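>>> Test case, fold it:
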Amino acid sequence: MKTALYRTTVLLVTLLLLLAPLRPVHAQDSGAFYVVSEGDTLFSIARAFHTNTREILTLNPMDDPDNLAPGKRLFIPGFQDLTGAILSLPLPAGETAHTLQRAYRQLGNLSQRLNFLTAPDELYAGKNFFYLYPGELDQVRLCLTSGLNPAELAVTTLSNPWLAAQYNGLAAPWQLLANDTLYLPASVDVQAAALPTLSGVNVRGYTLAQGKTSVLQADNDPRAVLSGELMGYPLHFFPDMRGGLTALQGVPRMSETGLTPLTITATTPAGLTYTHQQNLLVKFVEYGYDKPLDVADNVVDPAVTEPEFAQLMELTAPAPPEKMWYANFAAPSPNPDKITSYYGRLRSYNGSDYTYFHSGLDYSGTDATPIYAAAPGVVVFAGPLTVRGNATIISHGWGVYTGYWHQSRIDVKVGDRVETGQTIGMVGNTGRVTGPHLHFDLIVGQVEVDPEDWFRRNYVDL
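Here you go, the predicted structure:
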């Protein structure tokens, strides 16, 4: 009886479904739409807007969802109440979610909504920032310096503080704070010549990576001097070949991955300052492991290693303004392919945990093997050290140094100017070693970085 009733029920439901009028699915014809960029997929777009591919296809039926042509418009679920194109750009260094929402007139909670932000610090340089295209804007950018109150702002820039507050989504001029970035219509009479600006700031590759050299660049404002800090290290900016300013800074091999703050300050001759802070992303790099090593106990004793490392950091702290290299760095050995240990490999000494890392490149050789200067520079140290043995350190300008450890003989002295390929000593067996070799260090901004990047990556066009 129950079986017959079940069959009857199923039959009735099936008939109702068959007789029900079918509702065709149509593409949405209004609301905010995203413009597909090169490399986008339906899955990546769905993930960016916290939805799924099924929901997107419901609004945007298509024959071949796996073939998205750049420029195609896709209506996005959840934004049917908005009108216009949703565009994206990688967040430039020197900008934040706060500055971009004003630059693109995303006032109120629009930028938070489009980017699904719960806090402005969630955005970091290089991460995509989504905004509703506001049309062509003709605006003036103002960087509020420290020590300026609204009245002084009005005098300094000839602008109306009430207009500045209203245009930037603030309730009143008292909300105009130091180190804030404002925008005003270009039609307003604004004189910002007395205020420093930070513009055109760029970090190559947008992100940082363990053990690598970061390149930070900014447009040159002749009214201001730039300074800054990255991961606790001071940044030194120098005029570069493109007419802007560049700072080089190494990222420690053992630095924590994730977000780290970048701070840049522009200072006028009158002492006015504007400070910008934003997050950069530090990425993990896999360097591998070396086999365990047995060495003399004294050369791994912190009482010995720490003062020597402090001495090394003191020697490499200055950042001379002259950039002395004009080509990629060259291998310091006549046998460039005979590398016995690479940068970054984790190490164990005398049965310890793998808490050490190899800070450079090891080249095999004997006391008859010459050591070459890797680039033009000036010798800042030439003498014996306990861990590094007989050592030579060369400054190449801009805070870039090379170090040559474990030498049997040193052929240069402090103050000597050397050229690429010049013999500066001989391979040896001094210091913390298990056999004769040359250890080659490359130090940028007081951080030991991967030397191979300087052999094959172009740090010349700076």
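>>> can you give me the helices in the stretch 351-462 of the chain?
452-456 (DSSP state H, counting those that start in this stretch).
>>> cool, and the chain?
Counting by DSSP state H, the chain has helices at residues 2-19, 42-48, 53-59, 97-103, 110-115, 150-157, 161-167, 302-315, 452-456.
>>> Just give me the lowest mean pLDDT stretch among the ones you listed.
Ranked on mean pLDDT, the bottom entry among the helices of the chain is helix 2-19, at a mean of 40.
>>> Can you list the low-confidence ranges for the protein?
Flagging of the chain using pLDDT under 70 yields the residue ranges 1-29, 120, 144-159, 188-200.
>>> one more time with 50
Where the chain drops to pLDDT under 50, the residues are 1-26.
>>> for the residue lying closest to residue 370 once chain neighbours are set aside, which residues make a bridge with it?
Sequence neighbours aside, residue 423 is the residue nearest to residue 370 in space, at 4.6 Å (criterion: C-beta to C-beta, 6 or more residues apart in numbering). The C-beta positions use only the backbone N, C-alpha and C, and glycine is treated the same way. Assessed by DSSP bridges, residue 423 has beta-bridge partners residue 372.
>>> right, and residue 423 touches residue 411 too?
Yes - contact status for residue 423 versus residue 411: in contact at 6.0 Å, counting by C-beta atoms under 8 Å.
>>> Domain map for this protein?
What the record gives for the chain is the domain set 32-132, 139-185, 202-283, 297-456, from automatic domain parsing.
>>> ok, the spatially closest residue to residue 227 that is not a sequence neighbour - how many residues close by?
Leaving aside its sequence neighbours, residue 227 sits nearest to residue 265 (C-beta to C-beta, 6+ apart; 5.2 Å). Using other C-beta atoms under 10 Å, residue 265 is surrounded by 20 other residues.
>>> Now residue 202: closest residue in space that isn't a chain neighbour?
residue 217 (4.8 Å).
>>> Now do the contacts for that neighbour.
Taking C-beta atoms under 8 Å, 6 or more residues apart in numbering, we find residue 217 in contact with 200, 201, 202, 203, 204, 240, 242, 244, 245, 246, 247.
>>> From residue 444, how far off is the second one?
For residue 201, the distance to residue 444 equals 19 Å [C-beta to C-beta, to the nearest Å].
>>> In terms of neighbours, single out the busier of these two.
Using other C-beta under 10 Å, the more surrounded residue of residue 201 and residue 444 is residue 444, with 26 against 22.
>>> neighbours around the nearest residue to that one once chain neighbours are set aside, how many?
With sequence-adjacent residues excluded and distances taken as C-beta to C-beta, 6+ apart, residue 444 is closest to residue 250, at 3.9 Å. Neighbour count of residue 250, defined by other C-beta under 10 Å: 25.
>>> before we move on, what about the one 4 residues further on?
Taking other C-beta under 10 Å as the neighbour definition, residue 254 ends up with a count of 11.
>>> What are the boundaries of the strands in the stretch 151-300 of the chain?
In the stretch 151-300 of the chain, the strands defined using DSSP state E, counting those that start in this stretch lie at 181-185, 202-203, 208-209, 213-218, 225-230, 233-236, 238-239, 245-250, 258-267, 273-283.
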